[in-house]
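A.B. asks: using only what follows, build the 3D model:
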Amino acid sequence: MTQQRRWRVVETVFVATAAAEKERHGHQKNWYERTILGEIRDEEDEILPRKDYESLDYDRCISEPYVEVLEGMDNKKAKKYEAVRWMMVFAIGVTVGLVGLFVDFFVRLFTKLKFTLVGHSVERCTDSGCLPLSLLELLAFNMTFVFIASVLVLIEPVAAGSGIPEIKSYLNGVKIPGIVRLRTFVCKAAGVLFSVAGDGVSLYQFQSITFRRIKFDFPYFRSDRDKRDFVSAGAAAGVAAAFGAPIGGTLFSLEEGSSFWNQALTWKVLFCSMSATFTLNFFRSGINFNKWGSFQLPGLLNFGEFKNCHLWTAVDLAFFVLMGVVGGLLGALFNCMNKNLAKYRIRHIHPKAKFIRVLESLLVAMVTTVVTFAASMLLGECRDLSSPATHNATLSSSEDINSTIRQYFCTNKTYNDMATLFFNPQEAAIHQLFHQDGTFSPVTLSVFFLLYFLLACWTYGVSVPSGLFVPSLLCGAAFGRLVANILKVKLGMDIYSGTYALIGAAAFLGGVVRMTISLTVILIESTNEITYGLPIMITLMVAKWTGDFFNKGIYDIHVQLRGVPLLEWETEVEMDKLTASDIMEPNLTYVYPHTRVQSLVSILRTTVYHAFPVVTENRQNERDFMKGNILVSNNIRFKKSSILSRVGEQRRRCQSMKSYPSSELRNVCDEHNAAVEPAEEGEDLLQQMLERRHAPYPNLYPDQSPSEEWTMEERFRPLTFHGLILRSQLVNLLIRGSATQPRLSYAEMTEDYPRYPDIHDLDLALLNPRMIVDVTPYMNPCPYTVSPNTRISQVFNLFRTMGLRHLPVVNAVGEIVGIITRHNLTHEFLMAKLRQHYITI
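C.D. replies: Numbering: from 1, shown residues only. From the prediction side, this is the model:
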C-alpha cells in the first residue's frame, strides 16, 4: 500500500506539471478532462484490483494430447458425454433442492422452538415483572446460534456473507480460492441454518458447489470450461430453490456475471433450476401436507396469493415511479453506509486475530436482540384483533395470517403490531405486510423501517453466512405499506395496500442490488401474478437509474472492496482511444521449444506467471527487410512505419512517460539510458536495427535466460510466436516426464485438476538438469491473438466473451510483442492508461 501511495504522489506531480503546461498554452479543461487527468480523484480509486487473483481459462488448449482425444471421438461418444453432462446438471439441481429442504426444516424447527419458549416467557413475565429474564432467554438463543455460524466461517472464511459477490466473480472468470469446495458447501449450508435461526437479519442463500474431484473418466469434465458451466447451473438452482422461480434463477445466472453463454447452456441451466424447484416443492408439500406429488409449496420464500380484484390502476403507476426514485435513493444511502462500514472492517477488524470477528458477530447479535425486544416492548402499539381483514389473501401454508400475530406486552383481544414484525420469521413478516389490511400504524412502520434498515446495513458484512435479499424485501415492504397508509389517510385513495408493499419491496431491493431483468421475473414468479410485471419492471428500472447516479450496487461494491479484477459487460466509449499496444505487458518471460530442465525450473521458481509464450529468436528479420528494401522500396518503408516491435514499444513508453507502474520496467529504462547512445533526431528505430544487422543477437542456449546486463535491444529482441504453454503443463511435464520423456496423454496432463502440483514441491534430485525438454506437443499452437493496433473495445469483447485467460499481441510478421491478461482490462488500469494518453497528446 505504501508503494501504491508513492506511485500516486509521483503520478499526481507529473500530471499537475503537464496540466500546468497545457494551461500556459491557453487550454481550458472541463470537468471530465480534469477527472481523466487525475486532478479530480474518485474515492473508489482507493482500492485497486489485486494482482494475486487468477483467471479461469474458458478457452480450450488445443495441444497434441487433446487432438488425440478429438481424433478418437465419434458421434456415439459425443452423445454419451452430453448425456452425462445432463445427468450432472440434474444431480446438481436435486442436491440444491435437498439442501434447501434440510436448511428449511431445521430453520423452522429452531425458530419455532425459540419463539415458543420466549413467547411463553414473555406472557408469563408481563404481569410478574420478569421481562429481563425473557430477554436473557432470547439473547441465549440468538448468540448461541450466531456463535456456531461464526465458528463455521472461521473454518472456511469464504463461507461468510451471501456468496453472491464470490459467485458473480467466479462466473465472470475470476478464480476465487475455495469457492467451489466441499468444505465450503458444508460450512455455508450449516452456517445459513444457524445465522437465519439466530439473527433474523439474514437470507436463505445457496451457491453452486462443484465437488473438488469429479472422478469420472471423461476428459471434458476436467477443465475450467466444464466447471463454470456447472457453477452457472448451480447458481441458478440456488435462486430458483429459494424463491420458487426457475426462470428468474436462469436469468440471474445470466445477468449477474456469466461471461460466456450459449443456447445449450441456457437449456441446461433452466433444467437445473427446474430440478431444484420441483425437488424442493415435492418434499416440502409431502412433509407439510402429507400430499406427496401435490406441489403446493414452490419455494422457501413465497409471497402468497394476491386475490384482490383491482391490484393496481394506471393512476398508481405515477406513485410507483416516485417510490422507485425513493427506493433508489434509500438503496444508494444503504450502499454508501455499508461500504464505509466494510472499509472500517477491512482496516481495523480483519487484520486482527480471528476471534475478534466472532466477537463482532456476537456484538451484532446482542444489539439486534436488545433493540428488537425493546422496540416491541416500548414502541409497539396494542391494536384490536378484529381490525385485520384476511379475506383478501391467504397464506401458502395451513396457518392463517392471524396465527402469526403476537400479543406480547398487550392485554387480551389485542396484539402488538411491532412484535408481530420482529418476533416472526421473515417470511411470515413479509406475508403480514403484503396481505394484512389495516394492521400496522404509520409510527410502527416508520420505526420498524428505520431500525431494520440500520440493523441490516450493520449485519451485512459480519463473519457469518448472512445475505441481503430477504432483509431488503422486508424493509422495502414496510416502506410500501407506510406509503399506502399515507395515501389512504391523507388523500383518501382507494388502493390495495398489498400492492404498494410489494412495489416498495421491489423499489428498495432494486435500489440496493441494482438487478433488473432477473429480479423482475423472480418477483413475478414469487407472487404468481403476471399483472404485476409492468409496475415491478418500471419500479426496478427507476430505482436502478436513481441509485446508479450515486454509486454501484451492493454486490459490485463488495467485489471491488475485495480487489477482484471484475470485467464489466463493455468498456466506455473513450477507451477506444487506446490500442492493444498501449495496455499490453511487453516484458515477457518466455520459453523455447527445446529448453533444458534447469532453465524451466528456474523460470517456474522465480516467476508467478501462469502462462509462457513459446518462441524462437527471429534472427533473419533484418536480412528479410533488406531483401525487401532492395526489391520494393515502398514496401519496406511501409513495414518500417507500421510494424510494432517490443523494443520500439518499450522505448516509446520510457521516453514518453517514464512512469510505468512496474519498477522492473523503470529499471529497464534506466539501464537503457546508461548503456545505449541516444538516437539521432528523426532516426527510425528499425533503421538502427537494419544498420546493426551484422551484429548478431546473443546466442541463447536452452539453459540460458535473459541477463540484467543486456541492452534494451537485447532484452526485447524480436521473438517469433509459436504458442502458449501453461505453468501447470510445465510442472506436470517435469514431474511425469522421465529421461526418455514419453509422450503424456491428455488424461495424465489433467489428472491433478484443479489442484495441480506446485513447482516448489518438486524433488529436484529426481531430475536431470541438463536434459532438454520438448514443450511443443503440450503447448496451445493456436490461441486467440490480436494485432497491436486493435482497439480496446475489440480486445475487451474478445477477451470477455470467449472467457480468455491470456491474450498474446502479435505483430504483422508473427512476432509476439506483448501479452494481455485480465488485469490489463480492468476499469482502473484502463483509466490510468487513458490518463497517460491524454498527457502524451
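A.B. asks: C-alpha from now on. contacts and neighbour counts both.
C.D. replies: Noted.
A.B. asks: how about Val239: what's its closest non-neighbour residue?
C.D. replies: Gly249 (5.0 Å; CA to CA, 6 or more residues apart in numbering).
A.B. asks: what helix or strand is that neighbour located in?
C.D. replies: Here Gly249 sits within helix 246-255, counting by DSSP states H and E.
A.B. asks: how about Gly331?
C.D. replies: Using DSSP H and E, Gly331 sits in helix 314-344.
A.B. asks: which strands and helices sit next to that helix?
C.D. replies: For helix 314-344, the elements it packs on are helix 442-459, helix 497-513, helix 533-548, helix 554-561, judged by 3 or more CA pairs under 8 Å, 6 or more residues apart in numbering; DSSP states H and E.
A.B. asks: beyond the first one, next helix or strand please.
C.D. replies: Next along the chain after helix 442-459, taking DSSP H and E as the criterion, comes helix 469-490.
A.B. asks: taking helix 497-513 as reference, get the angle to that next one.
C.D. replies: If you take axes from the mean of the first three to the mean of the last three CA atoms, to 10 degrees, helix 469-490 sits at 130 degrees to helix 497-513.
A.B. asks: check the offset of helix 469-490 from the chain's centre.
C.D. replies: The chain centre lies 30 Å from the centre of helix 469-490; the measure is CA atoms, centre = their mean, to the nearest Å.
A.B. asks: can you pull the buried residues of that helix?
C.D. replies: In terms of neighbour count (16 or more other CA atoms under 10 Å), helix 469-490 has its buried residues at 469-485, 487.
A.B. asks: I'd like the helices and strands packed on helix 314-344 as a markdown table, with distance to Ile772, mean neighbour count and mean pLDDT appended.
C.D. replies: Conversion of the helices and strands packed on helix 314-344 to a markdown table gives the following (distance: least, CA to CA, whole Å; neighbours: other CA atoms under 10 Å; pLDDT from 0 to 100):
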| stretch | distance to Ile772 | mean neighbour count | mean pLDDT |
| --- | --- | --- | --- |
| helix 442-459 | 58 | 19 | 91 |
| helix 497-513 | 55 | 30 | 92 |
| helix 533-548 | 57 | 23 | 93 |
| helix 554-561 | 44 | 20 | 90 |
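A.B. asks: any idea which of those gets closest to Asp74?
C.D. replies: Proximity to Asp74 (CA to CA) singles out helix 554-561 among the helices and strands packed on helix 314-344, at 42.9 Å.
A.B. asks: next, the angle helix 497-513 makes with the closest one.
C.D. replies: 20 degrees.
A.B. asks: work out the gap between helix 554-561 and the centre of the chain.
C.D. replies: For helix 554-561, the distance to the chain centre is 8 Å (CA atoms, centre = their mean).
A.B. asks: find the centremost residue of this protein, please.
C.D. replies: Ser169 (2.4 Å; CA atoms, centre = their mean).
A.B. asks: and that residue, what does it touch?
C.D. replies: Taking CA atoms under 8 Å, 6 or more residues apart in numbering as the criterion, Ser169 is in contact with Lys175, Ile176, Gly257, Val559, Val564, Leu566.
A.B. asks: could the helices and strands packed on helix 314-344 be laid out in TSV, adding distance to Gln729?
C.D. replies: Formatted as TSV, the helices and strands packed on helix 314-344 follow (distance: least, CA to CA, whole Å):
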stretch	distance to Gln729
helix 442-459	44
helix 497-513	40
helix 533-548	44
helix 554-561	30
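A.B. asks: is the residue nearest to the centre of the chain in a helix, a strand, or coil?
C.D. replies: Counting by DSSP: H, G, I helix; E, B strand; the rest coil, the backbone at Ser169 sits in helix.
A.B. asks: now it: how far from Pro754?
C.D. replies: 18 Å (CA to CA, to the nearest Å).
A.B. asks: and Pro298, by the same measure?
C.D. replies: 36 Å.
A.B. asks: when those two are compared, which one has more neighbours?
C.D. replies: Pro298 (26 against 15; other CA atoms under 10 Å).
A.B. asks: neighbours of Tyr756, how many?
C.D. replies: 15.
A.B. asks: can you confirm it is in a helix?
C.D. replies: No. Using three-state DSSP, the secondary structure at Tyr756 is coil, not a helix.
A.B. asks: quick check: it touching Leu726?
C.D. replies: No. Counting by CA atoms under 8 Å, Tyr756 sits too far from Leu726 to count as a contact (11.3 Å).
A.B. asks: for the very next helix or strand once past the helix holding Gly331, packing partners?
C.D. replies: Per DSSP H and E, the first helix or strand lying C-terminal to helix 314-344 is helix 354-378. Counting contacts by 3+ CA pairs under 8 Å, 6+ apart, helix 354-378 is packed against helix 131-155, helix 417-422, helix 442-459.
A.B. asks: what comes into contact with helix 354-378?
C.D. replies: Helix 354-378 has contacts (CA under 8 Å, 6+ apart) with 135, 138-139, 142-143, 146-147, 150-151, 154, 198-199, 349-350, 408-409, 416, 418-419, 422, 455, 458-459, 462-464.
A.B. asks: now those residues: which count as buried?
C.D. replies: Among these, those classed as buried by 16+ other CA under 10 Å are 135, 138-139, 142-143, 146-147, 150-151, 154, 198-199, 349, 408-409, 416, 418-419, 422, 455, 458-459, 462-464.
A.B. asks: any regions of the chain where pLDDT drops low?
C.D. replies: Scanning the chain with the threshold set as pLDDT under 70 gives 1-49, 197-220, 257-260, 308-310, 385-403, 437-438, 618-643, 645-716, 737-742, 841.
A.B. asks: just the strands in it please.
C.D. replies: Using DSSP state E, the strands of the chain run over 54-55, 174-175, 305-306, 382-384, 393-394, 414-416, 594-596, 611-617, 719-726, 772-774, 806-810, 816-821.
A.B. asks: remind me, longest helix of the protein?
C.D. replies: Ranked by number of residues, the top helix in the chain under DSSP state H is helix 75-128.
A.B. asks: tell me which strands and helices it is in contact with?
C.D. replies: Applying 3+ CA pairs under 8 Å, 6+ apart, one finds that helix 75-128 contacts helix 131-155, helix 182-198, helix 224-243, helix 263-289.
A.B. asks: I'd like those as CSV, with distance to Thr439 appended.
C.D. replies: Shown next, in CSV, are the helices and strands packed on helix 75-128 (distance: least, CA to CA, whole Å):
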stretch, distance to Thr439
helix 131-155, 25
helix 182-198, 26
helix 224-243, 26
helix 263-289, 28
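A.B. asks: which of the ones you listed sits most buried?
C.D. replies: Sort the helices and strands packed on helix 75-128 by mean neighbour count, taking mean count of other CA atoms under 10 Å, and helix 224-243 sits at the top with a mean of 27.
A.B. asks: show me what it is packed against.
C.D. replies: Counting by 3+ CA pairs under 8 Å, 6+ apart, the packing neighbours recorded for helix 224-243 are helix 75-128, helix 164-172, helix 246-255, helix 263-289, helix 517-527.
A.B. asks: out of the helices and strands packed on helix 354-378, the one nearest Phe102 is which?
C.D. replies: Closest to Phe102 of these is helix 131-155 (CA to CA; 16.0 Å).
A.B. asks: what angle do the closest one and helix 182-198 make?
C.D. replies: 170 degrees.
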